[in-house]
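**Student:** please find the sequence and the predicted model below.
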Amino acid sequence: MNFLRIEGGHKLKGSVEISGAKNAALPLIALSILAKGEVSIFNVPNVKDIKTLLKLLSNLGASYRFEDSFVKIDTSSINHTKANYDIVRTMRASILTLGPLLARFGHCEVSLPGGCAIGQRPIDLHLKALERMGASIEIKQGYVVAKAKKGLKGGVIIFDKITVTGSENIIMAAALAKGKTKIINVAKEPEVVQLCEVLKKSGIEIEGIGSDEIEIRGSEGELLDIEPFKIIADRIEAGTYLCAGAITNSKITVKNMIPSHINAVILKFQEMGFDLDIGEDFVTIKENPKIEPVRIATSEYPGFPTDMQAQFMALATQAEGVSVIEERLFENRFMHVSELQRMGAKITLKGNIATIEGGVKLMGADVMATDLRASSALVLAALSAVGVSNVHRIYHLDRGYENLEKKLTSLGAVVERLSE
Ligand code: EPZ
């Protein structure tokens, strides 16, 4: 297995370009199941999760091309609707094929994704909503067996909790359903908004995009003409690189991003004393000799994203004072804590609240990644630590960060990918 060897203590400089958002590309690739013909998608990040979903679609019979961040998919040749466990278990976002397959074919079997390091991550809200739309759902030997022989019908869906992929599944199902679907307490993440915008451009009537209540008039089973589109920039990748500048006390510019998608993150940098220049499609973070401690509580968009929690925990170890971070979305998203402690971080946990004592000089160490964002937090800590760190199990990183070591090296970091 590969690992990253990182020599800490180097200041960074220059700029880095952000790739397309993995969490926007995944639902939009699943959306191709609803397309009449070929779908062309630009600015797709070349990361493992994308390749996994494309492989799943090709296992169903679809054909695709993926080169230089361009994807062309033709799902007209899909000849069965069983998404197998061996692929779904490697990428839980495969559940995004459930809504579209059911809407288009009237039946499908999708393996239950199972939990992951950050939590049990059930899909009960996805299933309850599809039943509201007339589907019959059974769980059989670890598979969701969904049927809607007469097609899905519109209805009123109220999500008890805000769910990003749950919202995306239902939005795609509603796009082909008979009649209108109103979704209340729908997720408002920029990735959900882009899915709605692409659907709207494909002729689906959608009201309330970006709000917590949307209404979709379905096409009554009519497949969609989906025009070519470009994936939005990855807001979490952008936030992660800004953290790299912050934790190494450097001035760097993050380009090709959408600053308004990380307003909550920018606010927290400012609360910590960082001075930022915010442009149309870039943010420059400047050196900050005195990092203030911070209080963070993760919440759904537009609140502080849970996907930036681990990165800010690493940064908080360098603040002068005690920071507090509360993780409100997932029950076990502190797997990075024990690894940061091995580098000397002083963090105590009480339930879903982490208290981070700042002013600690982190020491390089061998650490192990456990999930995508935790691994990026370990990389950030290693950039700031004294000496060399080896970050193991970086297949977690490769799921969501395109060309990570190349981008960090271009900023002046000393990072190399080695094999165990
Ligand atoms: C999406 O996951 C993202 N993944 C996650 O990013 C992100 O952390 C998460 O949203 C929250 O923003 C993708 O978009 C592919 P949820 P998702 O359904 O949709 C509970 C990354 O780093 N819940 O919004 O799976 C759930 O347990 C990944 O790229 C139910 O109880 O998250 C969690 O506590 C990690 N029942 C909360 O809701 C359900 O049916 C939010 O989950 C669904 C969810």
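**Tutor:** Happy to help now that I have it.
**Student:** would you mark the buried spots in the helix or strand bottoming out on mean pLDDT in the chain?
**Tutor:** For the chain, the helix or strand with the lowest mean confidence is helix 85-88, at a mean of 87 (criterion: mean pLDDT, DSSP states H and E). Under the neighbour-count criterion of 16 or more other C-beta atoms under 10 Å, helix 85-88 has Y85, I87, V88 buried. C-beta: built from backbone N, CA, C; applies to glycine.
**Student:** neighbours of the closest residue to T317 other than its chain neighbours, how many?
**Tutor:** Distances taken as C-beta to C-beta, 6 or more residues apart in numbering put A345 closest to T317, at 4.5 Å, once the chain neighbours are dropped. Other residues lying near A345 total 24 when counted by other C-beta atoms under 10 Å.
**Student:** wait, A345 sits on V360?
**Tutor:** Yes. With contacts counted by C-beta atoms under 8 Å, A345 reaches V360, the gap being 5.9 Å.
**Student:** what are the ranges of the strands in the stretch 101-250 of the chain?
**Tutor:** Listed in chain order, the strands found in the stretch 101-250 of the chain under DSSP state E, counting those that start in this stretch are 107-111, 136-140, 143-147, 156-158, 180-184, 205-207, 213-217, 229-230.
**Student:** can you list those in CSV and add mean neighbour count, mean pLDDT and distance to the ligand?
**Tutor:** Converted to CSV, the strands of the stretch 101-250 of the chain look like this (neighbours: other C-beta atoms under 10 Å; pLDDT from 0 to 100; distance: least, C-beta to the nearest ligand atom, whole Å):
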stretch, mean neighbour count, mean pLDDT, distance to the ligand
strand 107-111, 21, 96, 13
strand 136-140, 11, 95, 12
strand 143-147, 20, 96, 11
strand 156-158, 16, 98, 12
strand 180-184, 19, 98, 14
strand 205-207, 15, 98, 19
strand 213-217, 19, 98, 16
strand 229-230, 16, 98, 18
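**Student:** reformat the buried residues of helix 85-88 as JSON lines; add distance to the ligand.
**Tutor:** Below are those laid out as JSON lines (distance: C-beta to the nearest ligand atom, whole Å):
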{"residue": "Y85", "distance to the ligand": "18"}
{"residue": "I87", "distance to the ligand": "15"}
{"residue": "V88", "distance to the ligand": "13"}
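**Student:** make JSON lines out of those residues and add distance to G166.
**Tutor:** Output for the buried residues of helix 85-88, formatted as JSON lines (distance: C-beta to C-beta, whole Å):
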{"residue": "Y85", "distance to G166": "21"}
{"residue": "I87", "distance to G166": "20"}
{"residue": "V88", "distance to G166": "16"}
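**Student:** closest to S15 out of these?
**Tutor:** If you rank those by distance to S15 using C-beta to C-beta, I87 comes first, at 36.6 Å.
**Student:** could I get the contacting residues of that closest one?
**Tutor:** I87 makes contacts with T52, K55, L56, N59, S94, as judged by C-beta atoms under 8 Å, 6 or more residues apart in numbering.
**Student:** so which of those residues belong to helices?
**Tutor:** Under the assignment DSSP state H, these contribute T52, K55, L56, N59 to helices.
**Student:** L127 contacts V144, doesn't it?
**Tutor:** Yes. Between L127 and V144 there is a contact under C-beta under 8 Å: 6.7 Å.
**Student:** overlap of the contact sets of these two?
**Tutor:** Shared contacts of L127 and V144, defined by C-beta under 8 Å, 6+ apart, are found at I137.
**Student:** run the chain-centre distance for the least confident helix or strand of the chain.
**Tutor:** 19 Å (C-alpha atoms, centre = their mean, to the nearest Å).
**Student:** adjust the sequence numbering to begin at 142 for everything that follows.
**Tutor:** Sure, I'll start numbering at 142, so the last one becomes helix 226-229.
**Student:** nearest spatial neighbour of A171, chain-adjacent residues omitted?
**Tutor:** Nearest to A171 is L237, by C-beta to C-beta, 6+ apart, at 4.0 Å.
**Student:** and for T381?
**Tutor:** Nearest residue to T381 in three dimensions, chain neighbours excluded: S517, at 5.0 Å (C-beta to C-beta, 6+ apart).
**Student:** which strand or helix spans that neighbour?
**Tutor:** S517 is part of helix 513-525 when elements are defined by DSSP states H and E.
**Student:** near the ligand, which residues of this protein?
**Tutor:** Applying C-beta under 6 Å from any ligand atom, we find that the chain lies next to the ligand at 164, 167, 234, 260, 262-267, 302, 304-307, 447-448, 470-471, 513-514, 541.
**Student:** recalculate using a threshold of 5 Å.
**Tutor:** Contacts of the chain with the ligand, taken as C-beta under 5 Å from any ligand atom, map to 164, 234, 262-266, 302, 304-307, 447-448, 470, 513-514.
**Student:** just these: which are in helices?
**Tutor:** N164, D265, L266, V305, T306, G307, L513, R514.
**Student:** now do the same contact list for the residue sitting nearest the centre point of the chain.
**Tutor:** With the centre of the chain defined as its mean C-alpha position, the nearest residue by C-alpha atoms, centre = their mean is N164, 4.2 Å away. Applying C-beta under 8 Å, 6+ apart to N164 gives the contacts A234, V305, E330, E332, D375, I377.
**Student:** the first one and I191 touch, don't they?
**Tutor:** When you say that, I think you mean A234. No. Shown here, A234 and I191 do not form a contact pair, counting by C-beta under 8 Å, at 9.8 Å.
**Student:** got the contact list for A554?
**Tutor:** I147, H151, L153, A385, T389, L524.
**Student:** whoops, I mixed them up, A287
**Tutor:** L239, L242, L243, H248, C249, E250, V251, L271, A276, S277, I278.
**Student:** what sits closest to it if chain neighbours are left out?
**Tutor:** Counting by C-beta to C-beta, 6+ apart, A287 lies nearest to L243, which is 4.8 Å off, once chain neighbours are set aside.
**Student:** next, count neighbours for the residue nearest to M274 when sequence neighbours are not counted.
**Tutor:** Once flanking residues are discounted, M274 sits nearest to L293: 4.3 Å by C-beta to C-beta, 6+ apart. L293 sits with 27 neighbouring residues when counted by other C-beta under 10 Å.
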